[in-house]
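Visitor: Sequence isn't available, so here's the structure alone:
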């Protein structure tokens, strides 16, 4: 499963900001029904036990749609919840340690902004790289922008799949055509939309055009 490049086509990263009266499970199901291919549960600041419970709530939905569930940053939550993997930043647990804990079959992604980040992650056994921010983003105000030229240099340096992230939406996604990415990660362009299923369907269609 984790070696299938199509897995990364439309990578959704959750954000509670726009839930309103809906539950996270409700909006996630709409996203999955619309065509999301990979889901990351991102819960900054949530106590670990609650984080685990949220992951366990989403797992049956992801299984129904045959979409892997990835946990942001927290290897312990990934292990204890039964999720399919973890996404780590440069300042999180070292990849080799995460692999030792999670085992060979779990998906482990790493954030990368430079060629050296990418090479180090690939050498350590990362399954994919999240590269960005490729465009300006309001979701992560501390995310530094990287150029499409840098994205191309990273693509030329490694063989593992790349997922572009940062400010990606229907108005700019086609700028990533011919960049060599295997998919795009989206947050507000999906979860901030009134019709999440329709937004996912449109983003899936566009993302398939750039691969």
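Guide: Received the coordinates, thanks. This one's a predicted model, so the numbers in the text were calculated from it and none came from an experiment.
Visitor: Output the below-cut-off pLDDT ranges for the protein.
Guide: Low-confidence segments of the chain (pLDDT under 70): 1-2, 138-143.
Visitor: switch to 90 and redo it
Guide: For the chain, the stretches flagged by pLDDT under 90 are 1-5, 45, 136-145, 211.
Visitor: All the strands of it, in order from the start?
Guide: Using DSSP state E, the strands of the chain run over 10-13, 38-41, 69-72, 85-88, 107-112, 128-132, 162-165, 183-186.
Visitor: These into CSV, with extra columns for distance to residue 49 and mean neighbour count?
Guide: The way it works is simple: take the backbone N, C-alpha and C, and place the C-beta from them, glycine included. As requested, the strands of the chain are exported to CSV (distance: least, Cβ to Cβ, whole Å; neighbours: other Cβ atoms under 10 Å):
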stretch, distance to residue 49, mean neighbour count
strand 10-13, 22, 27
strand 38-41, 14, 25
strand 69-72, 14, 24
strand 85-88, 17, 26
strand 107-112, 23, 24
strand 128-132, 26, 27
strand 162-165, 28, 26
strand 183-186, 27, 26
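Visitor: which helices and strands does the longest helix anywhere in the chain pack with?
Guide: What stands out as the longest helix in the chain, according to DSSP state H, is helix 48-64. Counting contacts by 3 or more Cβ pairs under 8 Å, 6 or more residues apart in numbering; DSSP states H and E, helix 48-64 packs against helix 24-34, strand 38-41, strand 69-72, helix 75-81.
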